[in-house]
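Chemist: just coords:
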């Protein structure tokens, strides 16, 4: 075994252990993991639809109980966009289409929709909703957690970093 910079022995052969975190970041997964990635993407698409339908019920109920609130319309618009995207992804994946970049795309769009919703709350002068929204907080966690079902390192790392970047930008 060859010693590493910190003095600990390397447990695997050097060709299997990348020297940097970014080496092989966008490499496609092992062909044997492609089926697992497709199955994971289908599972995420189904859970995404159930979650979005549940979240969409909140602004619909608010339309009848408190139609004067701005956050009702922002939530309805965001959940409608998310529902259309989730339905399109579910149909595409259910028909057998899967590529390694699909996980990155869906993760990026999920996190971007939540971020755009929070920014909309800020722009519409309701920062208390952007900061204290229990629903958006849970959806962020789902978006980040769903990335763990992806089989590439690039699509698993970006969603975990993007909420921090978007929060810092606000």
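Modeler: Yep, that arrived. None of these values were measured; they are calculated from a predicted model.

Chemist: Which positions within the helix ranked longest in the chain qualify as buried?
Modeler: Counting residues, the longest helix found in the chain (DSSP state H) is helix 31-65. For helix 31-65, burial by neighbour count (16 or more other Cβ atoms under 10 Å) applies to 37-38, 40-42, 44-45, 48-49, 51-52, 55-56, 59, 62. The way it works is simple: take the backbone N, C-alpha and C, and place the C-beta from them, glycine included.

Chemist: What is the burial count for residue 112?
Modeler: 14 (other Cβ atoms under 10 Å).

Chemist: Can you give me the separation between it and residue 62?
Modeler: Between residue 112 and residue 62 the computed distance is 24 Å (Cβ to Cβ, to the nearest Å).

Chemist: ok so, going back, contacts for the following helix or strand past the longest helix of the chain next, please.
Modeler: Counting by DSSP states H and E, the next helix or strand C-terminal to helix 31-65 is helix 70-94. Residues outside helix 70-94 that contact it (Cβ atoms under 8 Å, 6 or more residues apart in numbering): 38, 41-42, 45-46, 48-49, 52-53, 55-56, 58-60, 62-63, 66, 102, 106, 109-110, 113-114, 116-117, 120-121, 124, 126, 129, 135.

Chemist: Check stretch 43-54 too.
Modeler: 79, 82-83, 86-87, 89-90, 93-94, 106, 110, 139, 142, 146, 149.

Chemist: Counting neighbours, which of those comes out on top?
Modeler: residue 110 (27 neighbours).

Chemist: gap between that residue and residue 145?
Modeler: Separation of residue 110 from residue 145 (Cβ to Cβ): 11 Å.

Chemist: Over to residue 58?
Modeler: 21 Å.

Chemist: quick one, phi/psi of residue 99?
Modeler: phi -130, psi 150 (degrees, to the nearest 10).

Chemist: What is the neighbour count of it?
Modeler: 13.

Chemist: and what of residue 66?
Modeler: Neighbourhood size, residue 66 [other Cβ under 10 Å]: 10.

Chemist: Now do the closest residue to it other than its chain neighbours, the pLDDT please.
Modeler: Nearest residue to residue 66, sequence neighbours excluded (Cβ to Cβ, 6 or more residues apart in numbering): residue 72, at 6.4 Å. We note a pLDDT of 89 for residue 72 in this prediction.

Chemist: Let's test this: mean pLDDT of the strand or helix carrying residue 119, rounded?
Modeler: In this assignment (DSSP H and E), residue 119 forms part of helix 100-123. Averaging pLDDT along helix 100-123 gives 86.
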